[in-house]
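A.B. asks: Test case, fold it:
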Amino acid sequence: MLIFKCFLVLFFLLLAGFYAGAETAFISINRMRLKYLVDNGNSRAMLVARILDRPREFISTVLVGTNLFVVSASALATSIGITFLVDGRGFGRSEVTGITTLIMTVLTLLFSQILPKSIFRHHADSYTLAIAPAIQISKFLFLPVIFLIKIVISPFFWLLGWNTDVFRGFDNDERIKSRKDLELIFQMSHEEGVLETDEHDMIRSVFNISDTLSREIMTPRVDMVAVRDDIEVEDMIQVFETTGYSRIPVYSGNIDNIVGIVHVMDLICAAVIARDVKTLMRKPFFIPETKHIGVLLAEFKKEKTHMSIVVDEYGGVAGLVTVEDILEQIVGDIDDEYDIDEVSEIIRSKDDENLAILDGTARIDDVNEEFDLDLPENEDFDSIGGLIFFLIGDIPEIGAEVSTPDGKVKFTVEDADSHRVYRVRMEITSESDTVTDEDQSASVNGSRNSDSGNSDSNVRENGDAI
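C.D. replies: Numbers count the residues shown, from 1 in each chain. Down below sits the predicted model:
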């Protein structure tokens, strides 16, 4: 009998917690998501909307439910204490009442307030839809008590001029109030099939612009095409014809000293009378690596330019970013008649889903997303090539093998030179144990291709394209 009564006390406390959690869930529900579900005919969402349309009745329902079961639990606990401690053990009635009150206060706070409210707030959207029928039934069960409470308290609120609606009801004309609301609408539209995958990805890219740094989309220094400031006009024309670019940076002495930008239209218009490239240069636009591309796009418009030179924290040239680079973040790659068909940065094996060929410039976060991995990434590197350098701790040679610290991914360098990694073979293993230091070291089985180090570099300071 004692066990049954103790179980009943706990059951009453959990019921009180249910109503306390319901109050938090209904107040915390995302109104934009609720409106979307109502507009799409979701019956549970419509019921939630009707409940929120009468906030005074809802608050009265959850308060009655909470207090009814808290009082019931406390009364039953006191009865248990008196029966088994006062009558059975000879304790004083006042002592037992005090002990029971202390214990019930702790249990009530834990099981009827803190835990349920925390849980229901964290899952407000799903829990609200699930418990709406129970709240509606409770409202009818408690209707006489609610009506009596309404009669008693209404004059006091009227005299004090207080509004008894502690939170606003559901408004079918709810407006979008934040970026999060808008993102939620697009996500739900995609899940419902209203938005195609490509459309959804494009919209998501627009939101991500404000979080993307220039260094993440720039053409790196080693891939830049630039010319020296002493280049002949005829040679400059040849560079434009060969590359197909419309703007090319000009440097003096070395690549870290960009002194201007030459536009192909300026060159065409002045090719006959121009004596050297310096007279055709426009002022370069420098930006830090950490500038967000959303801000950069606005600055491009303000400065009326389409190219920026990215500099690192030491003032050296890190790369360049163009308007096209930013647009490609939104709509995907934009190819023109001069673009060479590029091999994808990530090529999955058709025979083994755990094998892939990666370009050295492939971004770590893209690989993580593609293969559901957790490859390490920090402020010093964000590409697969940078990760290989970090793991090996030296210039990798062709054939070098290295694994991640958790042993789950193994990399084999397939193409590299003395400056960079071009292609990597990635194998996802089933090992989960931490790899030893010996396993971490690269096992170099190939030989360095010395010729590639001299011929593959894109930076040539001889007056030709860099």
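
A.B. asks: all strands of the stretch 101-250 of the chain, in order?
C.D. replies: Along the stretch 101-250 of the chain, the segments classed as strands by DSSP state E, counting those that start in this stretch run 219-220, 227-228, 247-251.

A.B. asks: Now mean pLDDT too, for those, in CSV please.
C.D. replies: Listed next are the strands of the stretch 101-250 of the chain as CSV, based on pLDDT from 0 to 100:
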stretch, mean pLDDT
strand 219-220, 90
strand 227-228, 92
strand 247-251, 94
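
A.B. asks: Distance to residue 372 and mean neighbour count for those - can I get that in JSON lines?
C.D. replies: In short, each C-beta sits where N, CA and C put it, glycine included. Output for the strands of the stretch 101-250 of the chain, formatted as JSON lines (distance: least, Cβ to Cβ, whole Å; neighbours: other Cβ atoms under 10 Å):
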{"stretch": "strand 219-220", "distance to residue 372": "27", "mean neighbour count": "16"}
{"stretch": "strand 227-228", "distance to residue 372": "44", "mean neighbour count": "20"}
{"stretch": "strand 247-251", "distance to residue 372": "39", "mean neighbour count": "22"}
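
A.B. asks: looking at those, which is closest to residue 313?
C.D. replies: strand 219-220 (15.8 Å; Cβ to Cβ).

A.B. asks: what sits up against the closest one?
C.D. replies: Counting contacts by Cβ atoms under 8 Å, 6 or more residues apart in numbering, the residues outside strand 219-220 that touch it are 318-322, 325, 361.

A.B. asks: Neighbouring strands of that strand in the sheet, and parallel or not?
C.D. replies: strand 317-322 (antiparallel) (DSSP bridges).

A.B. asks: so where's the stretch 151-300 of the chain shaky on pLDDT?
C.D. replies: Applying pLDDT under 70 to the stretch 151-300 of the chain picks out residues 157, 161-195, 200, 271-275.

A.B. asks: Adding distance to residue 20, write the strands of the stretch 101-250 of the chain out as JSON lines.
C.D. replies: Conversion of those to JSON lines gives the following (distance: least, Cβ to Cβ, whole Å):
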{"stretch": "strand 219-220", "distance to residue 20": "56"}
{"stretch": "strand 227-228", "distance to residue 20": "71"}
{"stretch": "strand 247-251", "distance to residue 20": "64"}
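
A.B. asks: picking up where we left off before, show me which of the contacts of strand 219-220 is closest to residue 349.
C.D. replies: Using Cβ to Cβ, residue 361 is the member of those that sits closest to residue 349, with 19.9 Å.

A.B. asks: quick one: the closest one is in a helix?
C.D. replies: No: with DSSP: H, G, I helix; E, B strand; the rest coil as the criterion, residue 361 is located in coil rather than a helix.

A.B. asks: Next one, pLDDT for it please.
C.D. replies: The score at residue 361 is 84. That number is its pLDDT.

A.B. asks: Please verify my assumption that it contacts residue 385.
C.D. replies: Yes: with contact defined as Cβ atoms under 8 Å, residue 361 counts as touching residue 385 (6.4 Å).

A.B. asks: Now distance to residue 68 and neighbour count too, for the contacts of strand 219-220, in CSV please.
C.D. replies: Output for those, formatted as CSV (distance: Cβ to Cβ, whole Å; neighbours: other Cβ atoms under 10 Å):
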residue, distance to residue 68, neighbour count
318, 67, 22
319, 67, 21
320, 69, 27
321, 64, 27
322, 67, 19
325, 63, 20
361, 65, 16
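
A.B. asks: out of the residues you listed, who's nearest residue 132?
C.D. replies: Taking Cβ to Cβ as the measure, residue 132 lies nearest residue 325 of the contacts of strand 219-220, at 48.5 Å.

A.B. asks: and the helix or strand harbouring that closest one, how far from the chain's centre?
C.D. replies: Residue 325 belongs to helix 323-331 when elements are defined using DSSP states H and E. Relative to its chain's centre, helix 323-331 lies at 20 Å (Cα atoms, centre = their mean, to the nearest Å).

A.B. asks: Over to stretch 400-415?
C.D. replies: Averaged over its C-alpha atoms, stretch 400-415 has a centre that lies 27 Å from its chain's centre (Cα atoms, centre = their mean).

A.B. asks: what mean pLDDT does it have?
C.D. replies: Computed over stretch 400-415, the mean pLDDT rounds to 89.

A.B. asks: then that stretch to CSV, C-alphas only?
C.D. replies: Output in CSV follows, covering the C-alpha atoms of stretch 400-415 (Å, rounded to 0.1, in the frame of the first residue of the first chain):
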residue,chain,number,x,y,z
ALA,A,400,52.4,9.7,-48.8
GLU,A,401,49.7,8.3,-46.6
VAL,A,402,48.3,9.8,-43.4
SER,A,403,45.2,9.3,-41.3
THR,A,404,43.1,11.6,-39.2
PRO,A,405,43.6,11.5,-35.4
ASP,A,406,40.5,9.3,-34.9
GLY,A,407,41.6,6.8,-37.5
LYS,A,408,38.4,7.0,-39.4
VAL,A,409,39.8,8.6,-42.6
LYS,A,410,42.9,7.7,-44.5
PHE,A,411,44.4,10.0,-47.2
THR,A,412,46.9,9.1,-49.9
VAL,A,413,48.6,11.9,-51.9
GLU,A,414,48.2,11.1,-55.6
ASP,A,415,49.5,14.3,-57.1
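
A.B. asks: hey, where'd the helices end up in the stretch 101-250 of the chain?
C.D. replies: For the stretch 101-250 of the chain, applying DSSP state H, counting those that start in this stretch gives helices covering 115-122, 124-141, 143-160, 179-191, 197-208, 214-217, 233-243.

A.B. asks: Next, the residues that contact the shortest one from outside, please.
C.D. replies: This means helix 214-217. When contacts are taken as Cβ under 8 Å, 6+ apart, the neighbours of helix 214-217 outside the stretch itself are 287-293, 296, 308, 310, 318-319, 321, 325-326, 328-329, 363, 382.

A.B. asks: The contacts of strand 219-220: which two are farthest apart?
C.D. replies: Using Cβ to Cβ for every pair in the contacts of strand 219-220, the one that comes out farthest apart is 322 and 361, at 16.8 Å.

A.B. asks: same for the helix or strand where residue 35 lies, what does it pack against?
C.D. replies: Secondary structure assignment for residue 35, by DSSP H and E: helix 31-39. Judged by 3 or more Cβ pairs under 8 Å, 6 or more residues apart in numbering; DSSP states H and E, the packing partners of helix 31-39 are helix 43-52, helix 124-141, helix 179-191.

A.B. asks: Report how many residues lie close to the nearest residue to residue 325 once chain neighbours are set aside.
C.D. replies: Counting by Cβ to Cβ, 6 or more residues apart in numbering, residue 217 is the residue found nearest to residue 325 once chain neighbours are left out, at 5.0 Å. Other residues near residue 217 number 19, with proximity taken as other Cβ atoms under 10 Å.

A.B. asks: Return the distance of residue 217 relative to residue 326.
C.D. replies: With the distance defined as Cβ to Cβ, to the nearest Å, residue 217 ends up 7 Å from residue 326.

A.B. asks: Need the residues touching each of these two.
C.D. replies: Common neighbours of residue 217 and residue 326, counting by Cβ under 8 Å, 6+ apart, are residue 293.

A.B. asks: wait, which of the strands of the stretch 101-250 of the chain is closest to residue 97?
C.D. replies: Closest to residue 97 of the strands of the stretch 101-250 of the chain is strand 219-220 (Cβ to Cβ; 75.9 Å).
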